[in-house]
Every structure is written in C-alpha cells, then in structure tokens.
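Novice: Next comes the sequence, and after it the predicted model I'd like to discuss.
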Amino acid sequence: MIISSPLDFHEAARRRLPRFLFDYADGGANAEETMRRNISDLAEVALRQRVLQNVENIDLTTSLFGMDLAMPVVLGPVGIGGMFRRRGERQAAAAAHRAGIPFTLSTVAICSMKEISAATDGPNWFQLYVLRDRFVMREMIASAKAAGAIALVFTVDLPVAGSRYRDAHSGMSGPYSGARRIMQAIGNPRWAWDVGLLGRPHRLGNLEPMLGKRAGINDYMGWLGSNFDPSIGWADLDWIRSEWDGPLIIKGILDPEDAREAANIGAQGIVVSNHGGRQLDGVMSTARALPGIADSVGDQLTVLVDSGIRSGLDVVRMLALGAKGVLLGRAWVFALAAQGEAGVARLLELFAAEMNVAMALTGVRRIDQINRSILDESVTVKPIRFATRFGPDSFSIGRWPAIASIGHSNTQYDLR
C-alpha cells in the first residue's frame, strides 16, 4: 500500500501482523475510552493561522537534558518491540539515531541495551519499571549505565497491570493463548519468517542475565503481572536517584501534585502520560492534563508528554500546550511493523515535514517560539469533572458551562 501519511502505517501494520501482536499494540484498557480521548482531545486543539510572518529557514532543532536533537521527538519505550520486526528495537534505534533523536529501550524489550548500543551509534535512553525485586532493578540500572544509556525513564503508573481485555480476545493472553498465537503465525507467513524464525532469540534481553530461561517471551505476561510493586512510594525513589547519576525522567504523571513530588525528589524531567490509555480507563487525556502540569512545574524540570501523538501536527499542538518534547509509542511501532527500519525513518521524515508546515502557517520559525500564543482562543473541548487552581493564573477544566479559553491574550485556558 502507499504510505503518504503517518496514519497509513496503522493499516499497513494491521495487514502484516498476527492479530495478537496488532491488538497488543493497538489496544487499551477496559473500554478504551481514554485511549480514544488521547487522540480526539488533541485533534480539537486548534491553531491560529498567521500570514506574512517571514517563516523562511524553519529550525526544528532543540535541546533536552543537554542533548542536541534534530527535533523535539523521542522514540518512547514499547514492550516486546522486537516481536514486530526482526530485532525490532535495534532497527528502530538505528532509524532514530539517523534522524538525530534518542531511542528509549523498554525494560521488557527483546533486544538488550548492550545489543542496541553495540549495533547503533546515537543517544539511547533506558526505561525502568517498578519491580518487586530491587536486585533486578539495580542490575538493570548498572547494565544500562555500562551500555552507555544517557537518561533513565522511570515508569511509575504500573503498580498493577491495567485490564486489557483485547489481549485475552486476541490470544496475547487467556485460554489456549499459545496455540492461538501459533495458528495466527501460520496465517502470517511473512511475519513468521522474519520474526518467528529469523528474529530469535525471543527473550526479554534486559532480564535474561538475571532470569535466565524465565526471560522467554512466553513468560512475558505472567512475569509482568507478578513482579510489579504496588507498595512503592515517593520516598523509595531516593535509592534510584543514588544508583543513577544521569538525567532521571519520571514517566506516568497526570496530576500536578505528583508533578511537584517529582520535582521535589530531584527528577530532571517528567513524562505526562496515561500509558497510551492502557492503564486506568476514564482518566483524562494527556492533552487535558498537560497545561496545568506545565504551569505547575515547567520552571523546575523538563516536561515531556506522550499518548495520542500520531503526527507532526500533534507534536506542535503538544508543544503549544506546554511540553518541551514528545515521546512516540504506537506511531513508531506501526511503522516498524510495516516497513522495518525504513518505515521508522519514513515516519520521522513525515513528522518533520508536518512540523515544518504547521510552524510556517502559525508564524513561528523556532521550537522555542511555540507556545500558547499559536493556539486559537475559541477552542473548547467537551466538559470533564475536574478543577484546580495554581496561584494567580488559573487552570480550569470543569463540568460547568462557563466560558474559558486556551488564549493568546491571557493565561486562562480550557480544554472542554
């Protein structure tokens, strides 16, 4: 099929992947309402078109945590990415580094950080889950440091696994899942050859040194469910800070109070995230959560965002709402599944092209010029029941019909 838009990779991936893998990437928690809102709320953020603003020589470059990036985009962590294409994390990392951006390796990746670092030349970040076994966590932090990881992304929104019903229907989990996955692989011979046979070993590479044979892909879902740690609190992050001397980024923040806690423990950054709608269904979208969090802690640490970002236009919207950069998840996984490394490279080219167009037509030439002044003050999105206030500038997302706005003429904004 013809790939002319970042969205085209979704259908291309569906055609190539066994159902259990496609639904694993495409699905969310419970009824998947939050997953849909991530996309729909972001789409309702309208931009102000400006003309005759001299937008020659648009510059997408930026800096995050002392790293120079070709654009404010990072490939975020995705579990078992190596099952979507042969040694998939390695291919995605190579595309990211060619594009001048970092790649983030998941704790539960197929490829290890050592394999990624040996095969690619560029900035890598490492994502770490909250695990019961602190020895395993320490060993993974040490391994990531030894392999040259620049930043540690600590995911905190998984004290328990979300209710992902689509996985049980697809064969990713549930009754007879192993047999169902085999039958689906037989029906997808290109994937079976590329990944099923040539993509071995199918092990969780970062965990294999500690878990040995228990690091196999068949143990993935069970291992995750039994090893998340619901007892962890903010005070427990002190030992992580003592083990890691590079940038620490807390991923999974949706509330300004939690954002302030992250700043208080000395984190250098946060990711405003609802895990792509894969954890607690019914929470607000990241487009709704981002402005208040950015106003609360944006002067203390670097605010990043993920969930629902499907295009370069979405990147510009998120930057205007207060983020300094975005993490991609499903977008790069679908591109990887469809066309491998070349697909991820093409996706990033399309993102850059769309950002160029959006910046030109909103009258800005540099990333640091993107702010709420480029948003249309008449924007409203459907009401939700939430309200809070920060100092003299108000952030209101409310159920009441009072008019508020995302405005370039004032600091009050509303995503209803």
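Specialist: Received, thanks.

Novice: for stretch 374-388, what is the average pLDDT?
Specialist: Averaged across stretch 374-388, the pLDDT comes to 57.

Novice: meant to ask about stretch 106-121, not that
Specialist: Stretch 106-121 shows a mean pLDDT of 94.

Novice: how long is it from one end to the other?
Specialist: Its start and end residues considered, stretch 106-121 measures 18 Å (Cα to Cα, to the nearest Å).

Novice: swap in stretch 122-142?
Specialist: Across stretch 122-142, first to last residue, Cα to Cα, it's 19 Å.

Novice: Now do the buried residues in it.
Specialist: The neighbour-count criterion (16 or more other Cβ atoms under 10 Å) identifies 122-131, 136-137, 140-141 as the buried residues of stretch 122-142. From N, CA and C alone the C-beta is placed, and that goes for glycine too.

Novice: same deal with stretch 183-193?
Specialist: Going by neighbour count (16+ other Cβ under 10 Å), the buried part of stretch 183-193 is 184, 185, 188, 191, 192.

Novice: hmm, who's touching it?
Specialist: Outside stretch 183-193, the residues that touch it by Cβ atoms under 8 Å, 6 or more residues apart in numbering are 16, 17, 18, 19, 20, 21, 171, 196.

Novice: Let's see that with 7 Å instead.
Specialist: Around stretch 183-193, the neighbours that count as contacts under Cβ atoms under 7 Å, 6 or more residues apart in numbering are 16, 17, 18, 19, 20, 171, 196.

Novice: In helices, which of those appear?
Specialist: Using DSSP state H to define helices, the subset of the contacts of stretch 183-193 located there is 16, 19, 20.

Novice: In a markdown table, list those along with pLDDT.
Specialist: As requested, these are arranged in a markdown table below (pLDDT from 0 to 100):
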| residue | pLDDT |
| --- | --- |
| 16 | 96 |
| 19 | 96 |
| 20 | 95 |
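
Novice: which intervals of the protein have sub-threshold pLDDT?
Specialist: 213-225, 379-416 (pLDDT under 70).

Novice: packing partners for the helix with the most length in it?
Specialist: In the chain, assigned by DSSP H, the helix with the most residues is helix 330-362. If you count contacts as 3 or more Cβ pairs under 7 Å, 6 or more residues apart in numbering; DSSP states H and E, helix 330-362 packs onto helix 8-16, helix 19-26, helix 88-98, helix 312-320.

Novice: export these to JSON lines and tack on distance to residue 264 and mean neighbour count?
Specialist: Output for these, formatted as JSON lines (distance: least, Cβ to Cβ, whole Å; neighbours: other Cβ atoms under 10 Å):
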{"stretch": "helix 8-16", "distance to residue 264": "39", "mean neighbour count": "19"}
{"stretch": "helix 19-26", "distance to residue 264": "35", "mean neighbour count": "22"}
{"stretch": "helix 88-98", "distance to residue 264": "32", "mean neighbour count": "25"}
{"stretch": "helix 312-320", "distance to residue 264": "25", "mean neighbour count": "25"}
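
Novice: Need the phi and psi values for the residue lying closest to residue 180 once chain neighbours are set aside.
Specialist: For residue 180, ignoring the flanking residues on the chain, the nearest one in space by Cβ to Cβ, 6 or more residues apart in numbering is residue 171 at 3.4 Å. Note on residue 171: backbone dihedrals following degrees, to the nearest 10 are phi 110, psi 0.
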